[in-house]
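S.K.: Model the following, please.
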Amino acid sequence: MSRASAWCVLLAVAPRLAGAQEVHTVGERAESLRAAGRPWHAAESLLAAAARESRPNASFVVEGAKAELRARRYDRAKSLLAGQPWLDDYGEGEALAVVAEAEFRLGAFPQAAAHYGAARTRARGRRAALLAVRAGAAWEAAGERDSAAAAFAAARAAGMPSIDAWLRVRLARVVRDTALAVRLLADVPWPAARAVPGARAQALIAAGDTALALDALAQAGKSLDEARLALAAGDTARARAALYDLMARAPDSDEAAAAVGVALAALPAATPSELVASARAMKGHGGASDARGFVERAVRLGDSSAATLLLLGELQAGAGRYRDAERAYRAAAKDSLVGPLAIYRRARVLVRLGDPGADEALAAFAQTYPADTAAPTALYLIGDMRGERGDAAGAARWFGELIARYPVDPRASIARFRLAFEAARRGLLDSAAALYQSEVTAGAPQRMGARFWLGKLALQRGDTEAARATWLGLARDDSIGYYGLRARRETGLPLLAFASPPRAAVPRGVVAAFGSLDTLVLAGLDSEAQAEVRGVLGRAPQELEALLVWSDGLAQRGFGPAAVRLGWQAALRAPNDPRVLRAIFPWPNRGAVEAEAAEFGVDPLLFVAIVRQESVFDPEALSPAGARGLAQLLPGTAALTARGLDVTFSPDWITVPDLNLHLGAAHLAELLRRFGGRLEPAIAAYNAGVTPVTRWVGREGADDPDRFIELIPYQETRGYVRSVLRNRELYRALYGISTN
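M.R.: Okay, the predicted model is just below:
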């Protein structure tokens, strides 16, 4: 049943609730919220209405369950429908399909498959075919290959040519007839062809040919599947080799994380090399403490290689065991290959310890290895430590050496700015100007920032004409950069604005490709949809118009990072085209962002600027620190914010798009309140946390927004604040709404 017909049924039986008008209003509001990208709000709206009625009608219950499903509250969706006397007969299997999807997401695969199958017998046309695919996926997940094969075959027979290549791969994975599998996998077009080796191996498994299946999995690079099959066949030697090779070769991959679990359960590490391989995989997946124990065992068993000692030092430093780390790095420093890195890391540990020998160690490293990429950082750290100790002359000496030896290194740029700020604070405006000018002359990374501050110095001297001329040139040369936009405001130039471009006609081939992508999503073949998107990125069109159409279509479908990547490719062809800027700075969920911003009284342009910087509109984004979703919230922050709002929250819901935005907007509003409405500290705190920013706002001169930003000691946070403020101006220029 379509959404429109579902609402017709709802209206027809509305009197069971507190009157037809109430149901009409609640239903329309929930559907409006869902269509605006706010499924969690829709679920909450329906839940509140249902609480007022002891006997809600069937349509209302189904719509509530669908809302809960979209809000990823799968247990609630199932509980609403379980045991309902009308479940089997409702709307061409619509209610059964909701139950099946909830069960699938909860891992109850046999039950999901049965309910998908029952829903399919009541559905018609394309919807029946899509339900057959979902039933096949559920049977496959349940390990029922024959049932899965029957479902996938039925889906193919129903006729879905746009995704037939992927259905052939799925069917070949589960059939027991290897000859049929070979025929199915012949001439599979790209990108589905990349899944053919794995499917061939699965077909051999289904046929019971374990030996050939193991070889096929190895050839396909499916080490984890190879290990699992070898274990099942009793070949522990092959399983062990596959597992530990995977962990050593790709320690940061999700497969390596899964391999750790398999190894711990069945084939625990025994040799030093296995212990180190396990440790590398654990370290990349939140298991640093266990990883340290494994490396320490490897060392006790005789592994004194420099690479192992370097890893041990890194893990010990991460645990705050700096003396132990210093000893590990000192031992690794004797190796000719990794010695420089070990020496540098040892010096950094000495800094952490406050050891008086840290300066000497850093200086010696920079002197001995001047070509090493860490040498400029070593010099910067010496200057920074001297400055922290109040030794201005010492800081100036080391910063000066850094600038002289590495004039275009990013650390040299930071050193110039610090020296220039100190000179300006002491009233030495000519010295400050000379430092900024040297940044410009060297073509160093912060040359645009240096030009902006040259304008500020000219204004400080009272030379308004020179300041204006400097800023006008900067606004021209850095027209969409942070400093160019900042200079534009200082000169009183009209705010940047771009006319809304007409929507480009979508080529027929792209329409078909989007149709295939949409069908894969509707069929529940999410991994295949992701593979199609990766295929587009791997073979992106060369024509500007096609790039822009693809970028817009992917952004609207929730593939934000891929859309922006295509936008950057378009920028190589037409960097000044406003349509390209819209591709790089899309706003696919504008309604939801604006609604959440309005609810908490924050500027929607500021909020979208943060979302763009945090996740590039990827609802499943995950940061190395564990932040999740569109607004990149840490689970603890999300839970705390939810409690403050009296919102029921589960960590499993954190990536529900509108719930994530809801909590993100509330968090941003709280930061703005905490810092008295000041944008710059609030943005900095969104990235770095409240504690350090509270210190920064108390420093001398921090009431000047420009100075506050430039003196943020964290390079990442400093760049983050600039980027967000730049994003905000570009969103205002591209989408034509005012900034609060």
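S.K.: So for this protein, the centremost residue is which one?
M.R.: A621 (2.6 Å; Cα atoms, centre = their mean).
S.K.: wait, it sits on S615?
M.R.: Yes - at 3.8 Å, A621 counts as touching S615 under the criterion of Cβ atoms under 8 Å. C-beta here means a position set from N, CA and C on the backbone, and glycine is covered the same way.
S.K.: For these two, list the residues in contact with both.
M.R.: 629-630, 632 (Cβ atoms under 8 Å, 6 or more residues apart in numbering).
S.K.: quick one: which of those residues is nearest W587?
M.R.: Closest approach to W587 among the shared contacts of A621 and S615 (Cβ to Cβ): L630, at 12.0 Å.
S.K.: quick one on the thing from earlier: let's have the shared contacts of A621 and S615 in a markdown table, adding pLDDT and distance to Q569.
M.R.: Formatted as a markdown table, those follow (pLDDT from 0 to 100; distance: Cβ to Cβ, whole Å):
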| residue | pLDDT | distance to Q569 |
| --- | --- | --- |
| G629 | 95 | 26 |
| L630 | 96 | 24 |
| Q632 | 96 | 25 |
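S.K.: Among these, which one is most surrounded by other residues?
M.R.: L630 (29 neighbours; other Cβ atoms under 10 Å).
S.K.: Assess the claim that that one and R612 are in contact.
M.R.: No - taking Cβ under 8 Å as the definition, L630 is not a contact partner of R612, at 9.7 Å.
S.K.: In strands, which of the shared contacts of A621 and S615 appear?
M.R.: Using DSSP state E to define strands, no part of the shared contacts of A621 and S615 is located there.
S.K.: nearest to R330, of those?
M.R.: Closest to R330, out of all of the shared contacts of A621 and S615 and judged by Cβ to Cβ, is Q632, at 38.4 Å.
S.K.: Which residue is the nearest non-sequential neighbour of the closest one?
M.R.: In this structure, Q632 finds its nearest non-sequential neighbour in E614, 3.8 Å apart by Cβ to Cβ, 6 or more residues apart in numbering.
S.K.: Number of residues surrounding the spatially closest residue to T271 that is not a sequence neighbour?
M.R.: Counting by Cβ to Cβ, 6+ apart, T271 lies nearest to L301, which is 7.5 Å off, once chain neighbours are set aside. L301: 12 surrounding residues under other Cβ under 10 Å.
S.K.: Do you have the helices of the stretch 51-200 of the chain handy? List them.
M.R.: In the stretch 51-200 of the chain, the segments counted as helices under DSSP state H, counting those that start in this stretch are 58-70, 74-81, 94-105, 109-122, 125-141, 145-158, 164-174, 178-185, 196-206.
S.K.: can you list the weak-confidence ranges in this structure?
M.R.: 1-24, 27, 51, 53-54, 737-740 (pLDDT under 70).
S.K.: quick one, domains of it?
M.R.: 508-584, 590-735 (automatic domain parsing).
S.K.: any chance of the ones you listed in JSON lines, plus distance to V133?
M.R.: JSON lines is the format used below for these (distance: least, Cβ to Cβ, whole Å):
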{"stretch": "domain 508-584", "distance to V133": "4"}
{"stretch": "domain 590-735", "distance to V133": "22"}
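S.K.: For E274, which of those domains is the nearest?
M.R.: Distance to E274, taken as Cβ to Cβ, is lowest for domain 590-735 among the domains of the chain, at 25.6 Å.
S.K.: chain center to that closest one, what's the gap?
M.R.: Centre-to-centre, domain 590-735 and its host chain are 15 Å apart (Cα atoms, centre = their mean, to the nearest Å).
S.K.: and if you look at stretch 376-385?
M.R.: Centre to centre, stretch against its chain (Cα atoms, centre = their mean), the figure for stretch 376-385 is 32 Å.
S.K.: need the next SSE after whichever strand or helix holds L311, C-terminal direction.
M.R.: Taking DSSP states H and E as the definition, L311 sits inside helix 306-318. Using DSSP H and E, the helix or strand that directly follows helix 306-318 along the chain is helix 322-332.
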